[in-house]
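> generate coordinates for the sequence data below:
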Amino acid sequence: MQVSEQQVGAEPRSRTAPVFDGTTDWATQTRRVLTRDLLMRAARAQPGESRALQFRALHLNLPLVAEAADRLGLTAPERTRVEHVALEALAQALRDFDPDGPDEFAGLAAPVVEREMLAHRDASAPTARQLRRTVRQLMLTMLRGRG
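Below is the predicted model:
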């Protein structure tokens, strides 16, 4: 018996079998297949086991956060500032993902993670007015220290 036959409501083997087409590396293909499998099992599991399976899928997809940060060209301090938002976006994408649907998780999660990272990076970046105020305060502090 094949694995695809063991799953409840599984589609034909051609749909569930991994396709290694050479356009993506082995690790990415494996992550895709394992993510879908974990989330399919989570959808049919009891609440406690479901959370554990979703946590495994989250851990498996942590590289998506680093890849998004690389695509956005974030500096190390910016990555640190937006990391918690990116992880929450990844967790939300896991909860919203339909493992029985035709889409791949990474294809749906990457834009969500990027959008949240950008929004938080931009929101946490100081405005020009805040920068002027900080410079003014610094200059006053330096002047007071001299007098």
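
> contacts only, for the spatially most central residue of the chain.
Closest to where the C-alpha atoms of the chain average out (C-alpha atoms, centre = their mean) is residue 90, at 3.6 Å. Contacts for residue 90 (C-beta atoms under 8 Å, 6 or more residues apart in numbering) come out as 58, 61, 62, 64, 65, 109, 112, 113. In this view, the C-beta of every residue, glycine as well, is placed from N, C-alpha and C.

> can you do 7 Å?
Residues near residue 90 by C-beta atoms under 7 Å, 6 or more residues apart in numbering: 58, 61, 64, 65, 109, 113.

> can you check residue 41 too?
residue 53.

> mind telling me what element it is part of?
helix 26-44 (DSSP states H and E).

> C-alpha coordinates for that helix, PDB please?
Presented in PDB, the C-alpha positions along helix 26-44 are these (Å, rounded to 0.1, in the frame of the first residue of the first chain):
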ATOM      1  CA  TRP A  26      16.000  19.000  -2.900                       C
ATOM      2  CA  ALA A  27      15.600  20.700   0.500                       C
ATOM      3  CA  THR A  28      12.900  23.100  -0.800                       C
ATOM      4  CA  GLN A  29      11.000  20.200  -2.400                       C
ATOM      5  CA  THR A  30      11.200  18.200   0.800                       C
ATOM      6  CA  ARG A  31      10.000  21.100   2.800                       C
ATOM      7  CA  ARG A  32       7.000  21.500   0.500                       C
ATOM      8  CA  VAL A  33       6.000  17.900   0.800                       C
ATOM      9  CA  LEU A  34       6.600  17.600   4.500                       C
ATOM     10  CA  THR A  35       4.700  20.900   5.200                       C
ATOM     11  CA  ARG A  36       1.600  19.700   3.200                       C
ATOM     12  CA  ASP A  37       1.800  16.300   5.000                       C
ATOM     13  CA  LEU A  38       2.000  17.900   8.500                       C
ATOM     14  CA  LEU A  39      -0.800  20.300   7.800                       C
ATOM     15  CA  MET A  40      -3.000  17.600   6.300                       C
ATOM     16  CA  ARG A  41      -2.500  15.500   9.500                       C
ATOM     17  CA  ALA A  42      -3.000  18.600  11.700                       C
ATOM     18  CA  ALA A  43      -6.400  19.300  10.000                       C
ATOM     19  CA  ARG A  44      -7.600  15.800  11.000                       C
END
